[in-house]
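**Student:** Need coordinates for the below:
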Amino acid sequence: MLSFGYPERMVEMLETPEWLNYHHLRHFWMIARHRSMTRAAEALNISPSTLSEQLGELEEWLGQPLFERRGRTLHLTESGQVALQHAETIFETGRELMTSFRSANRGEQRVLRLGAVGPLSKNLQFDFIQPLLAGDRTKVVVVAGGLDQLARQLREHRLDLVLSNIPLRADQEHNVFNHLLGEVPVFLVGGRPLKGTRQRFPHFLRGRPLFLPSHQSHVRMDFDLLLRKAGIEPEVRAEVDDMALLRLLALSGEGLALVSKIVVERELESRQIKFMLRVPGLVERFYALTARKRFENAWLGTIVEAFRARLQILGSNARGRPQANG
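**Tutor:** Numbers count the residues shown, from 1 in each chain. Have a look, this model is predicted:
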């Protein structure tokens with residue numbers, strides 16, 4: 001028997017009479033959407049009796065009831081909710097398959113729907129997006145928001161990928177997956193040379209104004225722990241989530257800001273940063289969040305791997321020119 005390179009298990013599944021009927025699954029999805037057999041049948045242009053029969057066949061194949069009636073409306077059972085999640089994933093995969101081939105044949109523009117967690121560095125977002133703009137076949141749609149909001153849009157397949165500096169906890173989210181992109185060293189930076197001290201880190205921070213990320217940041221929590229171990233109470237002048245604002249506060253010369261290197265990379269190149277000290281052992285990690293464990297879209301996988309290489313270079317070249325004693 002010819003299998004054309006497919007795994008033997010897949011061949012068996014495709015040949016079995018119990019193979020899932022795509023149309024039955026779509027009809028189930030329509031019933032779930034309308035919560036009514038009659039309205040779903042009208043939308044599908046088939047009779048309610050035919051639709052009911054096909055739903056019964058699907059429930060028989062799955063071995064579980066998918067709906068329960070409450071009054072005049074249908075409600076998903078627990079099994080129905082699970083089936084609906086799988087159905088939406090299957091339909092989205094089907095749409096991606098059709099879009100991929102049609103776009104390739106017609107030379108159409110590809111669209112990347114990218115989410116970015118609000119506090120994420122704009123420099124990092126730009127570095128991710130910039131290579132995509134080189135060709136005229138790519139359009140990037142960027143949506144900023146909170147992690148929970150963006151994760152929900154991933155589950156609903158309204159986003160292809162989310163960039164984040166915070167991973168989703170596996171015990172809270174089972175349908176969104178964290179892919180580590182890389183880690184970047186964290187520095188204390190300022191717009192003026194640091195003078196008037198011979199003390200080493202972290203003791204020279206006593207009494208010095210600091211601009212820090214909020215406590216939502218893993219970097220902030222690690223930094224607080226480091227100072228607490230050294231018996232230092234930091235003089236915090238500002239707590240901000242926005243990395244662009246944190247960078248401006250650093251350049252003001254009124255204190256030191258705690259930022260990952262990617263936040264001030266361009267200011268280092270233009271020599272606007274006059275003080276820079278790497279915080280020992282502190283790194284900021286960045287993640288790509290997706291609705292699948294693997295990057296099934298080869299184009300998207302290529303983008304992510306190129307960005308991983310970019311972060312690796314940034315992380316390996318961690319030394320800064322300015323030193324602690326100006």
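**Student:** Show me the strands in the stretch 101-250 of the chain, by range?
**Tutor:** 110-117, 138-145, 161-164, 177-190, 209-213, 235-240 (DSSP state E, counting those that start in this stretch).
**Student:** Just put those in TSV and tack on mean neighbour count.
**Tutor:** Where C-beta positions appear, they are placed from N, C-alpha and C, glycine not excepted. TSV is the format used below for the strands of the stretch 101-250 of the chain (neighbours: other C-beta atoms under 10 Å):
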stretch	mean neighbour count
strand 110-117	20
strand 138-145	14
strand 161-164	24
strand 177-190	21
strand 209-213	22
strand 235-240	14
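**Student:** so can I have JSON lines of those strands showing distance to residue 155?
**Tutor:** Below are those laid out as JSON lines (distance: least, C-beta to C-beta, whole Å):
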{"stretch": "strand 110-117", "distance to residue 155": "12"}
{"stretch": "strand 138-145", "distance to residue 155": "14"}
{"stretch": "strand 161-164", "distance to residue 155": "11"}
{"stretch": "strand 177-190", "distance to residue 155": "11"}
{"stretch": "strand 209-213", "distance to residue 155": "27"}
{"stretch": "strand 235-240", "distance to residue 155": "30"}
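**Student:** Out of those, flag the one nearest residue 84.
**Tutor:** Closest approach to residue 84 among these (C-beta to C-beta): strand 177-190, 19.9 Å.
**Student:** Please save the CA atoms from that closest one in PDB.
**Tutor:** Extracted C-alpha coordinates of strand 177-190, given in PDB (Å, rounded to 0.1, in the frame of the first residue of the first chain):
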ATOM      1  CA  PHE A 177       2.400  28.200  24.700                       C
ATOM      2  CA  ASN A 178       5.600  30.100  25.700                       C
ATOM      3  CA  HIS A 179       8.600  30.000  23.300                       C
ATOM      4  CA  LEU A 180      11.700  31.500  24.900                       C
ATOM      5  CA  LEU A 181      13.300  33.900  22.400                       C
ATOM      6  CA  GLY A 182      16.300  34.800  24.500                       C
ATOM      7  CA  GLU A 183      17.600  36.800  27.400                       C
ATOM      8  CA  VAL A 184      19.300  40.200  27.500                       C
ATOM      9  CA  PRO A 185      21.500  41.600  30.400                       C
ATOM     10  CA  VAL A 186      20.100  44.300  32.700                       C
ATOM     11  CA  PHE A 187      21.900  47.500  33.500                       C
ATOM     12  CA  LEU A 188      21.700  50.600  35.700                       C
ATOM     13  CA  VAL A 189      22.000  53.500  33.300                       C
ATOM     14  CA  GLY A 190      22.100  57.300  33.600                       C
END
